[in-house]
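Asks: here are the coordinates; sequence isn't available:
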């Protein structure tokens, strides 16, 4: 299947990867519509790619060694233990991941998008109108444009998904992730090669080092817990949303800081509390499964297609793999129908399995936490194995292997 006019709605990591896939697969014309009117905002947060998945994506040509990264080799789970600076470590596990700065990874992917792709910043898609032989996009400025195929890479609030499956939207999981990045990376255990999970009743906080984009490092952290139920402190998150820096009220920020001070070992409390409050933001946790990744002349990639809670450590991997799979389906298919059927068959089940695994992890790591203080390595190993029961190589922690058929 060669040729055709392609629209990619969304120009983030998933969108850039998809534009690259469509170009390499032989599309005549590729247009990316990104609603941000300048470079996508870099909040300094981190993402991580499991090492085996990175190698597959490198071989496929979607990531490269020159993209700045920080190595991670082990994850240590710790609970507060009196005044012990780092708490008591009760569980360790291999953690072969590569940590990236979101903004740096996006910039590298953006630079890999071919010059022939029309990447339009500040282009807000307000309507998606499908027909049998194509799709028309309507923009906020009143402009309309028709394409042979439209691909939704526009995240968990996808306009393309709404056109494909009206009324299907992410469901709030009942808890949130607070996120921040501290400049203080002094004195990290194991020279910063470990990821650390600091646990407390009702949640945990994952902390690891990432590149800062200028040759140094930041300390990325994300804390998962149920927000306070007090009126005015529990935001209404049932409609998919986020609360960016500067949008958190002081009462909610004070509640977070008190939680950290009460439950974190002193060393890690200082790191998190040292993060400027004005740069901290909230990422509500949602679940989403769609009936299919395709419909008519439309397709979905990344979070537009399925949203798995971050505990599986595979969000960015899945977005990049979706693009890789779309390219493979495009090359193998001999019609639009064939291409889209191949893509849906290859990715739909994987997305659903990842969401199911992430729900199990969210249940035991946040919603129904164990008595962390009673855990040692044997109890930890059994607990970890239990939440991973039912998963397999194609949908386990760190993401699906592209080589599993």
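Replies: Perfect, thanks for sending it. These figures come from a predicted structure and were not determined experimentally.
Asks: going forward, measure contacts and count neighbours with C-alpha atoms only.
Replies: OK.
Asks: who's in contact with residue 99?
Replies: 46-49, 69-72, 209-211 (Cα atoms under 8 Å, 6 or more residues apart in numbering).
Asks: Just give me the neighbour total for the closest residue to it other than its chain neighbours.
Replies: On the basis of Cα to Cα, 6 or more residues apart in numbering, the spatially nearest residue to residue 99 that is not a chain neighbour turns out to be residue 48, at 4.3 Å. Residues near residue 48, counting by other Cα atoms under 10 Å, number 25.
Asks: can you check residue 342 too?
Replies: A count of nearby residues for residue 342, using other Cα under 10 Å, gives 19.
Asks: Could you do residue 236 as well?
Replies: Residue 236 - counted by other Cα under 10 Å - has 10 other residues nearby.
Asks: Then residue 190?
Replies: Other residues within reach of residue 190, judged by other Cα under 10 Å, total 10.
Asks: follow-up on the earlier one: ok, the contacts of residue 99 vs residue 62, which is closest?
Replies: Sorting the contacts of residue 99 by how near they are to residue 62, with Cα to Cα, puts residue 49 at the top with 12.4 Å.
Asks: Could you give the bridge partners of that closest one?
Replies: Beta-bridge pairing for residue 49 (DSSP bridges): residue 98.
Asks: Show me the shaky parts of the stretch 201-350 of the chain.
Replies: Counting by pLDDT under 70, the ranges of the stretch 201-350 of the chain that qualify are 230-235, 245-247.
Asks: What segments of this structure are helices?
Replies: Counting by DSSP state H, the segments of the chain that form helices are 13-25, 51-60, 102-112, 159-164, 250-263, 266-273, 315-332, 336-362, 377-388.
Asks: Need those in TSV (columns: distance to residue 76).
Replies: Converted to TSV, the helices of the chain look like this (distance: least, Cα to Cα, whole Å):
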stretch	distance to residue 76
helix 13-25	29
helix 51-60	18
helix 102-112	23
helix 159-164	38
helix 250-263	17
helix 266-273	13
helix 315-332	21
helix 336-362	17
helix 377-388	11
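Asks: Of these, which is nearest residue 148?
Replies: helix 336-362 (8.9 Å).
Asks: can you pull the buried residues of the closest one?
Replies: 336, 339-344, 346-362 (16 or more other Cα atoms under 10 Å).
Asks: now swap in stretch 215-228 and tell me
Replies: For stretch 215-228, the neighbour count (16+ other Cα under 10 Å) marks 217-227 as buried.
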